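Peer 1: sequence plus predicted model, see below.
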Amino acid sequence: MPRIIAAREWAKLCRGIEQRVRAINAFLFDLYHRQEILRAGRVPTELIAQNAAFQPLMIGVEPPGGVYTHVVGVDLVRTGANEFFVLEDNVRTPSGVSYMLENRETMLQMFPELFSQIRVRPVGDYPKALRRSLDACAPSGTLGRPNVAVLTPGIHNSAYFEHAFLAEQMGVELVEGHDLRVVDGRIAMRTTCGYEPIDVLYRRVDDEFLDPLNLRPDSALGVPGILDVYRAGGITLANAPGTGIADDKAIYSYMPAIIEFYTGEKPILNNVPTWRCAEADALAYVLENLSKLVVKEVHGSGGYGMLVGPAASRRELAEFCAKLRSNPANYIAQPTLALSTVPVLTRAGLAPRHVDLRPFVLVSPNRVEITPGGLTRVALVEGSLVVNSSQGGGTKDTWVLED
């Protein structure tokens, strides 16, 4: 069975997501320019200065169109009727959109009669919308339709299928680092007719591996000199380098203040209450209540490096206590939420399993577009709250109903 979201409920989610995404872009612009939010004391300076995700090479650089986060995934959880919380923001290289598209295609083939009876908003035009959004973010002075490519780390990457799928669906080239080079101040890709300049590169390579000349020198995944071309305005990189600071889980805890600072509005979607373990009082509370909390690494992803207190053994709790004491700044903690469930088919029949929802957002200079649906991730293990596919989670189609 799909996950179903009513039109009115979706409209509220969209308002909250757009508000959040616009605030994140304003926050990133501010961080790499005047840093007014730090001067105002709304976010601690040390949280930025000591953060590995902050990219000093981006200071003073304005991306084409002022867009830092071209593709965003916002993870939401429902805890009650019309009650959603933002679990985390994904603004580096959010993945999972291919599952969303394949889930819908499977449902259309298996249950076509349902779609003739129920008015479900389509998601299949996402690749076209992505291409349109990337085109709109091309550097100023680009002539004709921008030349777009997808940069992948290669076939051994867990999301390689998605990289190839999106490139094929958009009608653009899928390239690896060794296919690209700097030619006459532009990034160009190798073709059978020589090297052809690229205007927009949708990169699925992490920051540190992007440019061996400017970042990690042992990287074989990136392109030497690509950041120099980018800083000179010769190419658009989506998402922009340095955006990872905005999906840091310690920064997440300041998102209500960030939204209010840049929009002058209260957040439409609430954060999950969060304890920053770098703070002595918060650490003391977390250590005392560890068996009731969920603890996550500040830079963690994929469900790795986290502890779900109520499901942990005494040994796991003791080990995590030691980790927290030795490096408290590496962790945040949150209450264990009563996540909503959906029915899944098990060997014993239908059974409830916990889920979250990741809507995908496309940002261009004059538009924020939210795909009407998203990726519903399912914890397939009974009672588990970990929905990540890397931890054995599954996915479901998500239906947003027409009004």
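Peer 2: Perfect, thanks for sending it.

Peer 1: show me where the stretch 251-400 of the chain has its helices.
Peer 2: For the stretch 251-400 of the chain, the helices defined by DSSP state H, counting those that start in this stretch occupy 255-263, 280-288, 314-326.

Peer 1: okay, and for the stretch 301-403 of the chain, where does confidence drop off?
Peer 2: 301-304, 385-392 (pLDDT under 70).

Peer 1: show me the strands in it, by range?
Peer 2: Taking DSSP state E, counting those that start in this stretch as the criterion, the stretch 301-403 of the chain carries its strands at 307-308, 331-335, 341-346, 349-358, 360-364, 367-370, 375-378, 394-396, 398-400.

Peer 1: next, the angle strand 349-358 makes with the third one.
Peer 2: If I follow you right, that is strand 341-346. With axes from the mean of the first three to the mean of the last three C-alpha atoms, to 10 degrees as the basis, strand 341-346 and strand 349-358 are set at 130 degrees to each other.

Peer 1: return strand 341-346 as CSV; C-alpha atoms alone will do.
Peer 2: This file holds the C-alpha atoms of strand 341-346, laid out as CSV (Å, rounded to 0.1, in the frame of the first residue of the first chain):
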residue,chain,number,x,y,z
THR,A,341,3.5,3.7,10.7
VAL,A,342,2.3,2.2,7.4
PRO,A,343,1.2,-1.4,6.7
VAL,A,344,3.7,-3.6,5.0
LEU,A,345,3.3,-7.2,3.8
THR,A,346,5.3,-9.7,5.9
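
Peer 1: report the buried residues of that strand.
Peer 2: Neighbour counts over strand 341-346 (16 or more other C-beta atoms under 10 Å) mark 342, 344 as buried. C-beta here means a position set from N, CA and C on the backbone, and glycine is covered the same way.

Peer 1: that one pairs with which strands, and in what direction?
Peer 2: Sheet pairing for strand 341-346, assigned by DSSP bridges, gives strand 349-358 (antiparallel).

Peer 1: any idea how far the strand it pairs with is from the chain center?
Peer 2: Taking C-alpha atoms, centre = their mean, to the nearest Å, one finds strand 349-358 lying 21 Å from the centre of the chain it belongs to.

Peer 1: list the buried residues for it?
Peer 2: By 16+ other C-beta under 10 Å, the buried positions in strand 349-358 come out as 353-358.

Peer 1: from these, pick the one nearest Pro310.
Peer 2: Ranked by distance to Pro310 (C-beta to C-beta), the buried residues of strand 349-358 are led by His354 at 12.5 Å.

Peer 1: mind putting the helices of the stretch 251-400 of the chain in a markdown table, distance to Arg121 included?
Peer 2: Formatted as a markdown table, the entries for the helices of the stretch 251-400 of the chain read as follows, by distance: least, C-beta to C-beta, whole Å:
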| stretch | distance to Arg121 |
| --- | --- |
| helix 255-263 | 26 |
| helix 280-288 | 41 |
| helix 314-326 | 42 |
